[in-house]
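Sequence and predicted structure, then a few things I'm wondering about:
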There are 2 protein chains.
Amino acid sequence: MTVDHAASVIAVIARLKDKGYRITAQRQAMIAQLVESGQALSAFEIWEKLKVRYQDISLDTVYRNLHVLVDLEALTPINALGKESVRYELVDTSHHHHIVCVKCGQTQCIEYCPVDPRLMLVLQTHGYELVRHNLELFGICRQCNPS
Amino acid sequence: MTVDHAASVIAVIARLKDKGYRITAQRQAMIAQLVESGQALSAFEIWEKLKVRYQDISLDTVYRNLHVLVDLEALTPINALGKESVRYELVDTSHHHHIVCVKCGQTQCIEYCPVDPRLMLVLQTHGYELVRHNLELFGICRQCNPS
DNA sequence: CTACGTGCAAACATTTTGCAAAGGC
DNA sequence: GCCTTTGCAAAATGTTTGCACGTAG
C-alpha cells in the first residue's frame, strides 16, 4: 500500500471512531480495498476481492458496512447502469462522473463536471438545498460506434 | 383523456406498429397510464394502477412491455433514488431532472438542465458519443431543512 | 393460421433481517 | 462486562424465465 493509500484509510477510520463506530478487521479490510481499487465497486465485488486477499468475510457484513460508510459520508452510492447493482465510491476522490456505453456496458470515468453553478439558484426557488449530485452519462464507445 | 393525451398514446402505438410489435390491450393500457400520469412510474406502480382502472394485467407483462417500450425509445429508465426500483418516464416530455430529498425521499421535477454543452467535446476526446444523460440531484427539501 | 404476447409459477439476483456467538473498547 | 458487530440462515424484494394457452395480424 502506498503512503497516500494508507493516509486515506486512516482518515476514514478516524471518521468511524468519531461517530462511535467500532474499528473491526472487516471494516478496515473493506476500506483498504476501496482505497486501493481506486474505483467504484459493488457489494459483491468487494466481498469477492476480500475473500481472496483477506480471510473470510460475509456478504451480509459487506452490505451492513456499506451503509455505515455511506452514513459517515465516506462513500457515495452510484447507480452506474440501472441494470447492475449499486456501486460505491470513496467521496474523497476528485469529483467526476461516469459514462456507460449503451451497447457493451463498459464504463469510464470523466474527470469533468458539466453542471452549471446556476443550478443552485434554481433549486433554491424550489426550496431545496443541494447536497450532492450524480450525473449518469449514456453513450456509444469507440469500439461500438459503427461510424 | 384529453386530446393531447390521446395524441401521445397514438404516437407511441404507431411506433410499436412500425417496429413490428403487436398492439395488445395491455400495451395500450400501459401507454395510456404513463401518458396520463405525466410522471415517472415504477413497474409496480403501473401494475397497481392498471389493476384498478383496467382489468387484470400481470406484473410480468408490465416488466416485459417496459423493456419493449425502452427498446422503442418511447420510455427512459430513471434511477430516482437508488434505493427504490427503476422508474420509467415518457421520452417526449420536456427534458428535465429530478431532485430527491435525502431525509424524506420526496421527489420533485426540476425543469432546468444545468449540463454545459461543452460536455460533448470532452466526451469526444474519450471516444464517446453521448446518447442521453440523467442527472440525479440529492438535497434537503424545505420541510426537512432545520434552518 | 402462425408467430407473438400473456398469465402462471417458479427461478433468480440482490439486499435485508432475526438471532446467537464473537469481539472491540 | 457491556454493547456493537459478525456470521449464519431465512426472508423479503425486485426482476426474469419456461411453458402452455390465447390472440393479433
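Received it, and whenever you're ready, just let me know what you need.

Which of the helices and strands in chain A ranks last by mean pLDDT?
Of all helical and strand segments in chain A, the minimum by mean pLDDT, DSSP states H and E falls on strand A:87-90, at a mean of 76.

Neighbouring strands of it in the sheet, and parallel or not?
Here strand A:87-90 has these sheet partners by DSSP bridges: strand A:41-42 (antiparallel), strand A:75-78 (antiparallel).

neighbouring contacts of that strand?
The contact list for strand A:87-90, computed with CB atoms under 8 Å, 6 or more residues apart in numbering or on different chains, reads A:8, A:12, A:34-35, A:39-43, A:46, A:66, A:69-70, A:74-80. In short, each C-beta sits where N, CA and C put it, glycine included.

on that earlier part again, to DNA strand C, which of the strands paired with strand A:87-90 lies closest?
strand A:41-42 (6.0 Å; CB to the nearest atom of the strand).

in what helix or strand does A:Phe138 lie?
Under the criterion of DSSP states H and E, A:Phe138 resides in strand A:129-140.

Excluding chain neighbours, what is closest to the residue nearest the centre of chain A?
By CA atoms, centre = their mean, chain A has its centre lying nearest to A:Glu89, at 1.2 Å. In this structure, A:Glu89 finds its nearest non-sequential neighbour in A:Ala40, 4.0 Å apart by CB to CB, 6 or more residues apart in numbering or on different chains.

and the one you found, what does it touch?
Contacts of A:Ala40 (CB under 8 Å, 6+ apart): A:78, A:80, A:87-89, A:98.

any chance of those in a markdown table, with distance to A:Leu135 too?
Below are the contacts of A:Ala40 laid out as a markdown table (distance: CB to CB, whole Å):
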| residue | distance to A:Leu135 |
| --- | --- |
| A:Ile78 | 10 |
| A:Ala80 | 12 |
| A:Arg87 | 15 |
| A:Tyr88 | 17 |
| A:Glu89 | 13 |
| A:His98 | 8 |
